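In: no sequence on hand, only this structure:
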C-alpha cells in the first residue's frame, strides 16, 4: 500500500499523478474501515482527501503553517503527517479527533469551535512579516459553513487590509457544516459553483472578437478593461474582491492536479488569496452520500458496508427534548426554535419538520442567534435556542447585555453539558453554570431525568421577563429518579428516618448526577452517616429554602458536573453565608483544567467525581467533626 509508505508530507513529492490518485483511494478505504470501528467525523474527512494531499505537496509543513477550521476535517492531515494508528481514535491515550499539539509539530491550533482559523492565520502571517520570514507561508482551510460565523468576517476584514501580506485562504465548499449551509453567503457560493467562470467566457470572446475586422480587438480590450463588472456578471466573486482579496476558483476539490496548480499560484502571490474549492462531503462512501441529513458528519460505531449502527441507540437526552419541543409547538403558536447550524445534533429537526415556518438556522453564529432571540422575544414570540453547552460561551455577552438586560423571555437549551469525553477539551460543557451565575435575573435548570427535562422545559418557556436555561448531558438518558418529598421548590430524593433529629449530611445533587448522589448516600449510610439528598431542580437562583435546611444538618455537600470555580457549589456557599448559616461545605465538581479526550467514565474517575471517591472524602469530613481524625482528609482533586 502507498499509504504505509507515507511517513511525512515530503514523501508525497515522489509520487506520480497516478500514484496520488491511488493514495486518495487508499485513504478513503482506510477512513471508512477505521472510523467505522471507533466512531468519529467520517463525512468531512472523506471530502478533503485530495485537498489535503495537494496542500501538503504545495506547502512545506511544519515550516509553513497549514491550519484547519474546525479541525474535525484533519484526519487526512494526521495520516499524511505520520499518524496512521487510528485504533484508539478519540479514546484515552489514542489520537485526538482534532489537531493536537501534543501529537505533532504539524498541528498548530487545537480548535474545534468554528470560524476561528482566519484569526489565527492573520496573526501567524503578521508574525512572519514582523520577523522577516519571507520563506514561511500560512494556509488556512475553512469550510463554507464556518464562513457563516462573524469571527471569520472580522478576520477577513483585517486580512484584506494588508494587500502585500501573503496568506492563502482555502474555502472548502461542500455546501454544508453539519447540514446544508444556509444564508446569504451560501447563496453567493452556490452562484459561484454553478456559473461558468469569467476566464472561460473571456477566452471564447477573445477568439470571436479577434476574428472580427476593425472593431474586434478594440472591443475586446474595452471588455477586458471592464473586468470587474464583467466578472460580477459572469461569476459574482466580486464579494471577495471588494474586500481586496485575490480570488481563484471555483476549483474541483477532487482534482489533485488542478488543486496543486491553484495553490501554487496562490502561494506565489504577494498578498492574501482565496482559493475556492468545491468538495463533496462523504465522497466515495455510498452510505454517507445517501445520508441527506449530514452526510455522516459524525458517526458512532457502524457496519462499514452498510453504514448502519452496530447497536440500537437508547433514548437520549436530545431525543427527549426533541419530542417535547414538538408537543410544545402544537400547544403554543408563539414557540419558535433557533439553531446555530446544528439542527439535527441538538434535536430541533423534528420541530423543523412539524413547523417549518417557526425554525431559524442562523449558521455558525451563536452571538447573532442570541441577539436575534432577544428581538424575537421583544416581538411577541418565545424563542428556544438549542445549542451545545460549550458553544454558549461564545454568546455570553449577548445573553448578558441583549437578553437579560432587556428582560427578554428567551429559553436556552444546552445540550452536551458536563463531561462529554471523546471530543476532548473544547467540547466538555463545564463552564456554563459558572459563567451564567453572574447574569442578573437568569434562571437555570438542571433536570435529573427525562420526566424532569420535560417538566422544566415547560416551566422555562412560561417565563416571559427573563432568560431561562435548561441544561442536560450527552448520551443516553438514565432511569427515572423519583422524589420522596419537596422542600420549597426542591425535590427531596432521600431523607433519613424520623428518628434522626439532625442528619449528618445535606447532599445537593445537580442534574444528571442524581443516581450517583443516591449511591453516595448509600455508601455513607453503611458508615453510619445519615444523609438527606435534594435536587434543587433550578440551581440559579439558589432556593430560599436551602439555607434553613442546611442549618439543620452538620455538613453540606454539593455535587455538579460543572467547573468548581464559580459553579453551583460556590453559589450555595454564598447563599449560606448571606443567610448567616455557618455549616461546613464541600463542593465536588470538575477541576478547572482542560481535560484530555477519553470515555466519560474514565474522565470522571480521573478527576475523582465518582460515588466511592466522594463518599470517602465526606466520611473523612464527618469523622473530623466527630473528633475521630486530627487532620482533614485529602481535598478534592483540583
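Out: Done, it's in. These figures come from a predicted structure and were not determined experimentally.

In: which stretch of helix or strand covers residue 392?
Out: For residue 392, the element it lies in under DSSP states H and E is helix 389-392.

In: distance from the chain centre to the helix ranked longest in the chain, please.
Out: When the chain is parsed with DSSP state H, its longest helix is helix 17-38. Helix 17-38 sits 26 Å away from the centroid of its parent chain (C-alpha atoms, centre = their mean, to the nearest Å).

In: and that helix, what does it pack onto?
Out: If you count contacts as 3 or more C-beta pairs under 8 Å, 6 or more residues apart in numbering; DSSP states H and E, helix 17-38 packs onto helix 43-46, helix 49-58, helix 75-80, helix 256-268. Backbone N, C-alpha and C define where each C-beta goes, glycine included.

In: following the third one, which helix or strand comes up?
Out: Beyond helix 75-80 in the direction of the C-terminus, DSSP H and E gives the next helix or strand as helix 117-130.

In: residue 551 and residue 492, how far apart?
Out: Plainly put, residue 551 is 16 Å away from residue 492 if you go by C-beta to C-beta, to the nearest Å.

In: got it, and residue 562?
Out: Applying C-beta to C-beta to residue 562 and residue 492 gives a distance of 22 Å.

In: so those two - more neighbours on which side?
Out: residue 562 (30 against 15; other C-beta atoms under 10 Å).

In: which residues touch the more buried one?
Out: With contacts defined as C-beta atoms under 8 Å, 6 or more residues apart in numbering, residue 562 is in contact with 417-418, 430-434, 510, 568, 589-590.

In: possible to save those as TSV with distance to residue 172?
Out: Conversion of the contacts of residue 562 to TSV gives the following (distance: C-beta to C-beta, whole Å):
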residue	distance to residue 172
417	30
418	32
430	30
431	29
432	30
433	35
434	35
510	40
568	41
589	38
590	34
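
In: report pLDDT for the closest residue to residue 77 other than its chain neighbours.
Out: Among residues not flanking residue 77 along the chain, residue 52 sits closest, at 5.4 Å (C-beta to C-beta, 6 or more residues apart in numbering). Looking at residue 52, its pLDDT is 97.

In: also the one 3 residues further on?
Out: Predicted confidence (pLDDT) for residue 55: 98.

In: now swap in residue 443 and tell me
Out: Residue 443 is assigned 98 on the pLDDT scale.

In: that one against residue 468, yeah?
Out: Yes - if you go by C-beta atoms under 8 Å, residue 443 and residue 468 touch, sitting 4.9 Å apart.

In: can you list residues touching both of those two?
Out: residue 460.

In: the two: which is more packed in?
Out: residue 468 (26 against 20).

In: and that one, what are its bridge partners?
Out: Per DSSP bridges, the residues bridged to residue 468 are residue 411, residue 443.

In: again, but for residue 336
Out: residue 383.

In: and for it, the neighbour number?
Out: Residue 336 has 21 nearby residues by other C-beta under 10 Å.

In: how far away is it from residue 153?
Out: From residue 336 across to residue 153, the span is 26 Å (C-beta to C-beta).

In: same deal with residue 535?
Out: Taking C-beta to C-beta as the measure, residue 535 falls 43 Å from residue 153.

In: could you find the closest non-adjacent residue to residue 572?
Out: Nearest residue to residue 572, sequence neighbours excluded (C-beta to C-beta, 6+ apart): residue 558, at 5.4 Å.

In: which residues does residue 566 contact?
Out: Residue 566 sits next to 434-435, 437-438 when contact means C-beta under 8 Å, 6+ apart.

In: tally of neighbours for the spatially closest residue to residue 389 that is not a sequence neighbour?
Out: Leaving out its chain neighbours, the residue that sits closest to residue 389 by C-beta to C-beta, 6+ apart is residue 429, at 2.8 Å. Neighbourhood size, residue 429 [other C-beta under 10 Å]: 26.

In: for residue 427, same thing?
Out: Neighbour number of residue 427 under other C-beta under 10 Å is 23.

In: now do residue 419
Out: Number of residues near residue 419 (other C-beta under 10 Å) recorded here: 25.

In: now swap in the one 5 residues further on and tell me
Out: Under the neighbour criterion other C-beta under 10 Å, residue 424 is assigned a count of 21.

In: look up phi and psi at it.
Out: The phi/psi pair for residue 424 (degrees, to the nearest 10) reads phi 90, psi -170.

In: my read: it touches residue 96, true?
Out: Yes - if you go by C-beta under 8 Å, residue 424 and residue 96 touch, sitting 5.6 Å apart.

In: what do those two both touch?
Out: Common neighbours of residue 424 and residue 96 (C-beta under 8 Å, 6+ apart) are 90, 110, 597.

In: in a markdown table: those, plus neighbour count, pLDDT and distance to residue 40.
Out: Below are these laid out as a markdown table (neighbours: other C-beta atoms under 10 Å; pLDDT from 0 to 100; distance: C-beta to C-beta, whole Å):
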| residue | neighbour count | pLDDT | distance to residue 40 |
| --- | --- | --- | --- |
| 90 | 22 | 91 | 6 |
| 110 | 17 | 87 | 16 |
| 597 | 27 | 90 | 11 |
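
In: pick the one among those closest to residue 307.
Out: Using C-beta to C-beta, residue 90 comes nearest to residue 307 of the shared contacts of residue 424 and residue 96, at 18.5 Å.

In: quick one, what contacts residue 354?
Out: Neighbouring residues of residue 354 by C-beta under 8 Å, 6+ apart: 326, 329-330.

In: same question for residue 9.
Out: By C-beta under 8 Å, 6+ apart, the residues touching residue 9 are 56-57, 60-61, 80-81, 106.

In: same question for residue 502.
Out: 552-554.

In: next one: phi and psi at it?
Out: Main-chain dihedrals, residue 502, degrees, to the nearest 10: phi -140, psi 100.

In: if I look at it, what pLDDT would I see?
Out: 93.

In: cool, and residue 85?
Out: pLDDT recorded at residue 85 is 94.

In: excluding chain neighbours, what is closest to it?
Out: With C-beta to C-beta, 6+ apart as the criterion, residue 85 has its nearest non-adjacent residue at 7.1 Å, and that residue is residue 95.

In: and that neighbour, backbone torsions?
Out: Main-chain dihedrals, residue 95, degrees, to the nearest 10: phi -70, psi 140.
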